[in-house]
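>>> sequence and predicted structure, then a few things I'm wondering about:
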2 protein chains.
Amino acid sequence: MEVQTSQNTADKIKAVSLSLFARKGFEGTSLAEIASRVGIKKPSLYAHFKNKEDIFLAVIDKVMADYIAYFETVANKLVNRQAEEKLFILLKENTDYLRDEELGLIWKRMMLFPHETLKEKLKEKFLASEEKMTGTILAILKELKEDGIIQENTEEVLDAYYCLMDGTFEQVFYYPEIEHKRRLQHSWQVFWKGIKR
Amino acid sequence: MEVQTSQNTADKIKAVSLSLFARKGFEGTSLAEIASRVGIKKPSLYAHFKNKEDIFLAVIDKVMADYIAYFETVANKLVNRQAEEKLFILLKENTDYLRDEELGLIWKRMMLFPHETLKEKLKEKFLASEEKMTGTILAILKELKEDGIIQENTEEVLDAYYCLMDGTFEQVFYYPEIEHKRRLQHSWQVFWKGIKR
DNA sequence: CATCACCTTCCTAACGGTCGTTAGTCAACT
DNA sequence: AGTTGACTAACGACCGTTAGGAAGGTGATG
């Protein structure tokens, strides 16, 4: 077993495309630019992918798979922690991961402005990761409730937690890391005070 | 004085362009489609605007002006209200306004994915409205603090409020109005419990 | 009042450029 | 021998934009 230090062309195309799609969107990115950055000619792309949309979907699949894999490692981090910590770690790690500029950008773009013809294909892909997330959160909330740490109204708490998560997610893009960290800390403190019994 | 029931061509172009730019973005929108929806031929657009970018900027100017005007009316609604209500109304009205699909979409697009060559021009335009907002919020928080209703740490409260606002703003686009209303209500309740003394 | 120049707003035609895509070829590797 | 992955050339479609002209209205001048 050895470390894979070089990428094959298809992977290089995906990597370059991720970067461009993230920064310029689907229509803002041209195959010419992708090919140029990979170091091949435009028609050579068709040796690896059916068409532009196919490249995009391959990129999205990779983004999704990476995100889910990351979420798994975070979930593993949670065992043997206090439930309060679990909630906070989940929030923090999520924004930390999406802070990676390209990942966060393309994620945001897909969710908010899906390309018209790809809208449905994208929505499908999101459901899996979202369900997983909700399951994990609900398990933690149940734990907290049974220990009598938080108030009974789970639905209220869940809604507020998702709002907190969406807010901090959005702010990742406005503010530099230091400032974002402060905002996250403050928002979390208010949230926690708000749900504690 | 009479009600203006018909628009001139320039206004029609702006209205049509707003809708298209919102849904498809700057590069995703073609002059051909704009012209077609207005009911004229593509080159006729140049009788009213210098070029595509000029149309976009005219649209943005209108969006900004409308938003600021709306904010004024909301601010007027706030007088003679309890400070707690003020905070909530500000939050609610903001999302209600941006719920209008096209307005919300183009607003979001501009903030998150400004077209590369227009980035700086757009950033300028945002500063005015953002400062106004922060000023209004801080005045309310000061009021609440002097009355001993909320905790002393204004920075923490302000950060949490903005997170709440960004979160509800983001969720406007995911969820139907009824569900969003419930989420807003729940998030607000947790927030308010979290900042109360 | 009639004429004239001018401006606005629309048109058709066409420009050069870029887009995504295909055809056909060729060398290298399996 | 067959497959892979690169190439050159070129396709038609569409892009934003410009040129040039027709029609209508406005306002000044005789």
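Cool, the structure landed. Predicted model only: the values in this text are computed from it and were never measured.

>>> only C-alpha atoms for contact and neighbour calcs from this point on.
Noted.

>>> neighbours of residue A:69, how many?
12 (other Cα atoms under 10 Å in any protein chain shown).

>>> kindly apply the preceding question to residue A:29 instead.
Neighbour tally, residue A:29, other Cα under 10 Å: 17.

>>> I figured it hits residue A:21, correct?
Yes. Residue A:29 lies in contact with residue A:21 (Cα atoms under 8 Å); the separation is 6.1 Å.

>>> now residue A:78: closest residue in space, sequence neighbours ignored.
residue A:86 (5.5 Å; Cα to Cα, 6 or more residues apart in numbering or on different chains).

>>> quickly find the element holding the one you found.
helix A:83-99 (DSSP states H and E).

>>> report the buried residues of the helix or strand that that helix is followed by.
As assigned by DSSP H and E, the chain's next helix or strand after helix A:83-99 is helix A:101-112. Residues of helix A:101-112 classed as buried: A:102, A:103, A:104, A:105, A:106, A:107, A:108, A:109, A:110, A:111, A:112 (neighbour count, 16 or more other Cα atoms under 10 Å in any protein chain shown).

>>> orientation of helix A:101-112 relative to helix A:83-99 in degrees?
Counting by axes from the mean of the first three to the mean of the last three Cα atoms, to 10 degrees, helix A:101-112 lies at 100 degrees to helix A:83-99.

>>> residues in contact with helix A:101-112?
A:18, A:19, A:21, A:22, A:23, A:25, A:63, A:97, A:98, A:122, B:173 (Cα atoms under 8 Å, 6 or more residues apart in numbering or on different chains).

>>> ok so, going back, which neighbours do residue A:29 and residue A:21 have in common?
Going by Cα under 8 Å, 6+ apart, no residue sits against residue A:29 while also sitting against residue A:21.

>>> give me the low-pLDDT residue ranges for chain A?
Within chain A, the stretches with pLDDT under 70 are A:1-6.

>>> quick one: the strands in it?
Using DSSP state E, chain A contains no strands.

>>> near DNA strand D, which residues of it?
With Cα under 7 Å from any atom of the strand as the criterion, chain A meets DNA strand D at residues A:9, A:39, A:40, A:41, A:42, A:43, A:44, A:45, A:47, A:48.

>>> if we go to 10 Å?
A:8-10, A:12-13, A:32, A:35-36, A:38-49 (Cα under 10 Å from any atom of the strand).

>>> count of neighbours near residue A:14?
Around residue A:14 there are 20 residues (other Cα under 10 Å).

>>> mind listing what it touches?
Taking Cα under 8 Å, 6+ apart, one finds A:55, A:58, A:59 in contact with residue A:14.

>>> and with 6 Å instead?
Counting by Cα atoms under 6 Å, 6 or more residues apart in numbering or on different chains, residue A:14 touches residue A:59.

>>> can you narrow the residues of chain A next to DNA strand D down to the ones near DNA strand C?
Among those, DNA strand C is touched by A:32, A:35, A:41, A:42, A:43, A:44, A:45, A:46, A:47, A:49 when using Cα under 10 Å from any atom of the strand.

>>> great, nothing more from me.
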